[in-house]
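S.K.: no letters, just coordinates:
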């Protein structure tokens, strides 16, 4: 368990380390050279204290570009028309027809994927998954 004294020690150590980094920056060091001057323990300490070490490596322009990319909307997903094997489509249709003949209520899909058949039979909901494993 951390004591208040150890927490203060960490804060002081962090301030000293950040001041040293600023001194190195003042001497013209930047990017990877700054991180190379840090010992592995110092670097781990900075990470443990949630210091963004990217600010040492990246230029202000690079950080601005990253921020711009993070703000831009991401594509929702790939839009393509999947082609299903004809045999699988026929088998799927036959299974669906058989279930309806037996008195099952096949639940409609928003988009048919020729894989899942959701249906209710005698008040119980079921799903049949028709997969085509690669061989």
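M.R.: Nice, thanks for sending it over. Computed from a predicted model, the values in this text were never measured in an experiment. Residues are numbered from 1 along each chain as shown.

S.K.: all strands of this protein, in order?
M.R.: Assigned by DSSP state E, the strands in the chain fall at 105-106, 116-121, 124-129.

S.K.: remind me what the second one packs against, helices and strands.
M.R.: What that stands for is strand 116-121. Judged by 3 or more C-beta pairs under 8 Å, 6 or more residues apart in numbering; DSSP states H and E, strand 116-121 is in contact with helix 86-101, strand 105-106, strand 124-129. The C-beta positions use only the backbone N, C-alpha and C, and glycine is treated the same way.

S.K.: quick one, the last one and helix 86-101 angle?
M.R.: In terms of direction (axes from the mean of the first three to the mean of the last three C-alpha atoms, to 10 degrees), strand 124-129 departs from helix 86-101 by 170 degrees.

S.K.: which residues touch strand 124-129?
M.R.: Strand 124-129 has contacts (C-beta atoms under 8 Å, 6 or more residues apart in numbering) with 95, 104, 115-120.
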